[in-house]
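Colleague: Next comes the sequence, and after it the predicted model I'd like to discuss.
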Amino acid sequence: MTDSKKFKPALAIALKQYSARTFVSDLIAGLTVGLVALPLAMAFAISSGMSPQAGIYCAIVTGIIISALGGSYVQIGGPTGAFVVVVAGIVSQYGVDALFMCTMMAGVLLVVMGLTGTGTAVRFIPRPVVIGFTNGIALVIASTQLKDFFGIPLEEVPGEFIGRIGALIGSMTVSAETTALAAGVLVTIVVWNRLVPRVPGYMAALAGLPVETIGSRFGGIPAGLPQVQIPRFRPDLILTLVSPTVTVAMLGAIESLLSAVVADRMSGTRHNSNVELFAQGIANIASPLVGGLPATGAIARTATNVRSGAKTPVAGIIHGITLLLILMIAAPLAGLVPMAVLAAILLVVAYNMGEWREIPELWRQGWTDRLVWMVTFALTVLADLTVAVEAGMILAALLFIRRVAATTTVTRVTPDYIRRGLEHSLQNRELPDYVTIVRIQGPFLFGATDKLTAILANMKELRSIVILRLRNMTAIDATGLKAIEDFADAMHKSGRVLLLCGAPVQPTRMMQRAEFHRHVGAANILPNVDAALRRAAELHESAAAEPETGPTPTRTGYSPHAGQ
């Protein structure tokens, strides 16, 4: 079980030193994110096969609960695009009651993960699997919006990706007015986000024209508070829903913790992952009580929250209250939003969540990671997310075994072997006071990368030059490589220099393919610890010769005062 002293919501910690100035910052951020969340919440609900108010109810209830009970200072919770594919599948196959059951069961699972401290198990999901299903979800979401974007008059759109695309192409009927509106909104969002990045373009996109609207399709949005009702429980569906429940829980855990990490990087805070998962679980138990969707941390809205000046979880609570006030006062206006506008917004969301920039980098890292990505991506699009993640994990596990076996060696010790090993040895060496050495021992594959992240938690203890000794790191995969890249970037941002030394053949080959030198500089990748210490001495002498203010740190230089 978790330590009760450490199991404390971020809100409780933040309120101890709260001030009027902090409240003003939180108020502005909360109002901004509340306005941004409105069209997104409706769009996610509609794409999931639910009414638009289901998304708003979810955003209100879960947004307040996650901020009040969570372990992140600036995380925004609510419905997200990641759940659209899963929710739509559950609703179409088993009905709305099954969705509410699945959401509450997933909530219980998340609560257990948070209370028992097993939430960090999500680190065992390899990066190619995460990228693969994220790419796949983004493509599926985009395909579901083509009908409304182009105003194609199809009564029913097939649920399968290939059938959906075939039906849309076969229709060959496009509404010029709807397409013009949707394209205009799309351009507005893109241009607005470039010119005014602090205020998302979703807010500027809400316009009304004589085209199909939320009101004309769904009969408007009821004003007032959502009614609390206990969902109908169907015992016959419990076993059937086990697989989608695990998918919803794991997807919620992954998305919320990824979002919390992004929030930490942007705001300089540090979240408590187990407290965050506990709050996500409570929120998902509560959401079905008001007819809401599954919820998790929303990366885009969290980033907007930070950029808008949020300091504490109070901003997230204000975001939920803002949505509630809109629902009570201006619900009829929300019904006037054209469907084409929501389609354009979701196309932008799908593009932004797709992590498309990761694909070229992943492609350079060897056929094993490529294969895991391709299988996960293809099954997400052509089958469903549950099958995709299961297949991706099984394949990654098999390749894990293969990689460990391939890099395990049995060799005879010879005088030459002993002589070569001396240049890597740390025995009888006196480390300079400006150097910290960190070593990685064993295969650095998915599931082990958090051990390097833990070093960053004690950044102040690191010296101005950090040597990452890789002599005994026998193997690495895409997840491990990404962790080292993030570590290198964090060192650079703090004004320190990172030197790498002694990497064996397989890690060296992976780093060369990924052009890892872009993160540290080619001169800072050394063959052994002897060379690394000589390089450190050169950098230290060079920096000591500079004036006290010194130059701005680069990937090949450093500030002699960093970390002291």
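Modeller: Okay, I see it. Residues are numbered from 1 along each chain as shown.

Colleague: alpha carbons only for contacts and neighbour counts from here, please
Modeller: Will do.

Colleague: buried set for the longest helix anywhere in the chain?
Modeller: In the chain, with assignment by DSSP state H, the single longest helix is helix 20-47. Neighbour counts using 16 or more other Cα atoms under 10 Å place 22-23, 25-47 of helix 20-47 among the buried residues.

Colleague: Mind giving me the packing neighbours of that helix?
Modeller: Secondary-structure packing of helix 20-47 (3 or more Cα pairs under 8 Å, 6 or more residues apart in numbering; DSSP states H and E): helix 52-69, helix 84-94, helix 299-307, helix 314-334, helix 339-353.

Colleague: number of nearby residues for Ser19?
Modeller: As a burial measure, Ser19 scores 10 neighbours (other Cα atoms under 10 Å).

Colleague: now do Glu430
Modeller: Under the neighbour criterion other Cα under 10 Å, Glu430 is assigned a count of 7.

Colleague: where does the stretch 201-350 of the chain dip in pLDDT?
Modeller: Filtered on pLDDT under 70, the stretch 201-350 of the chain yields the residue ranges 201-211.

Colleague: for the helices and strands packed on helix 20-47, which one sits closest to Gln365?
Modeller: Smallest distance to Gln365 across these (Cα to Cα): 21.9 Å, for helix 339-353.

Colleague: Could you point out the helix or strand that follows the closest one?
Modeller: Per DSSP states H and E, the first helix or strand lying C-terminal to helix 339-353 is helix 358-363.

Colleague: which element follows that following helix toward the C-terminus?
Modeller: Next in line after helix 358-363, if elements are assigned by DSSP H and E, sits helix 367-382.

Colleague: what's the angle between that following helix and helix 84-94?
Modeller: With axes from the mean of the first three to the mean of the last three Cα atoms, to 10 degrees applied, the angle from helix 367-382 to helix 84-94 works out at 50 degrees.

Colleague: could you say what helices and strands helix 367-382 packs with?
Modeller: Under the contact definition 3+ Cα pairs under 8 Å, 6+ apart, helix 367-382 sits against helix 127-144, helix 161-171, helix 358-363, helix 385-407.

Colleague: circling back: tell me the most buried of the helices and strands packed on helix 20-47?
Modeller: Highest mean neighbour count among the helices and strands packed on helix 20-47 (mean count of other Cα atoms under 10 Å): helix 52-69, with a mean of 28.

Colleague: Run through who's touching the following helix or strand past that one.
Modeller: Using DSSP H and E, the helix or strand that follows helix 52-69 towards the C-terminus is strand 77-78. Residues outside strand 77-78 that contact it (Cα atoms under 8 Å, 6 or more residues apart in numbering) are 41, 58-60, 62-63, 66-67, 256, 294-298, 316.

Colleague: How far does strand 77-78 sit from its chain's centre?
Modeller: Relative to the chain's own centre, strand 77-78 is displaced by 13 Å; criterion: Cα atoms, centre = their mean, to the nearest Å.

Colleague: and the helix or strand Thr179 falls within, which residues are buried?
Modeller: Counting by DSSP H and E, the element that carries Thr179 is helix 176-195. Neighbour counts over helix 176-195 (16+ other Cα under 10 Å) mark 178-179, 181-183, 185-189, 192-193 as buried.

Colleague: Below-threshold pLDDT in this structure: ranges please.
Modeller: Low-confidence segments of the chain, defined by pLDDT under 70: 1-5, 119-124, 196-211, 406-414, 417-428, 447, 546-564.

Colleague: Spatially central residue in it, please.
Modeller: With distances taken as Cα atoms, centre = their mean, Leu258 lies nearest the centre of the chain, 3.4 Å away.

Colleague: three-state assignment of that one?
Modeller: Assigned with DSSP: H, G, I helix; E, B strand; the rest coil, Leu258 falls in the helix class.

Colleague: how much space between it and Ser267?
Modeller: For Leu258, the distance to Ser267 equals 14 Å [Cα to Cα, to the nearest Å].

Colleague: next one: Phe377
Modeller: Going from Phe377 to Ser267 by Cα to Cα gives 32 Å.

Colleague: In terms of neighbours, single out the busier of the two.
Modeller: Phe377 (28 against 18).

Colleague: thinking again about what came up before, what sits closest to the residue nearest to the centre of the chain if chain neighbours are left out?
Modeller: By the measure of Cα to Cα, 6 or more residues apart in numbering, the closest residue to Leu258 outside its immediate chain neighbours is Ile299, 7.7 Å from it.

Colleague: now Gly291
Modeller: Ala54 (5.8 Å).

Colleague: wait, the one you found sits on Leu289?
Modeller: No: Ala54 is not in contact with Leu289 according to Cα atoms under 8 Å; the separation is 10.8 Å.

Colleague: Now stretch 517-532: buried residues?
Modeller: 519-521, 524-532.

Colleague: Can you show me the CA trace of it as PDB?
Modeller: The C-alpha trace of stretch 517-532 is given here as PDB (Å, rounded to 0.1, in the frame of the first residue of the first chain):
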ATOM      1  CA  HIS A 517      24.600  13.200 -31.400                       C
ATOM      2  CA  ARG A 518      22.100  16.000 -32.000                       C
ATOM      3  CA  HIS A 519      21.200  15.800 -28.300                       C
ATOM      4  CA  VAL A 520      24.700  16.000 -26.800                       C
ATOM      5  CA  GLY A 521      27.200  16.800 -29.600                       C
ATOM      6  CA  ALA A 522      29.400  14.300 -31.400                       C
ATOM      7  CA  ALA A 523      32.400  15.300 -29.400                       C
ATOM      8  CA  ASN A 524      30.600  14.300 -26.200                       C
ATOM      9  CA  ILE A 525      30.200  10.600 -27.100                       C
ATOM     10  CA  LEU A 526      33.300   8.900 -26.000                       C
ATOM     11  CA  PRO A 527      34.700   5.300 -26.300                       C
ATOM     12  CA  ASN A 528      35.600   4.800 -22.600                       C
ATOM     13  CA  VAL A 529      35.600   6.500 -19.200                       C
ATOM     14  CA  ASP A 530      39.300   7.600 -19.600                       C
ATOM     15  CA  ALA A 531      38.400   9.600 -22.700                       C
ATOM     16  CA  ALA A 532      35.200  10.900 -21.000                       C
END
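
Colleague: List the residues that contact the residue nearest to Leu258.
Modeller: Applying Cα under 8 Å, 6+ apart, the residues contacting Ile299 are 76, 255, 258-260, 262.

Colleague: what's the helix or strand for Lys147?
Modeller: helix 146-150.

Colleague: Contacts for that helix, please.
Modeller: Contacts for helix 146-150 (Cα under 8 Å, 6+ apart): 152-154, 168, 174-176, 178-179, 182-183, 339-341, 343-344.

Colleague: Repeat that for stretch 162-171.
Modeller: Residues outside stretch 162-171 that contact it (Cα under 8 Å, 6+ apart): 143-144, 146-147, 152-154, 157-158, 382.
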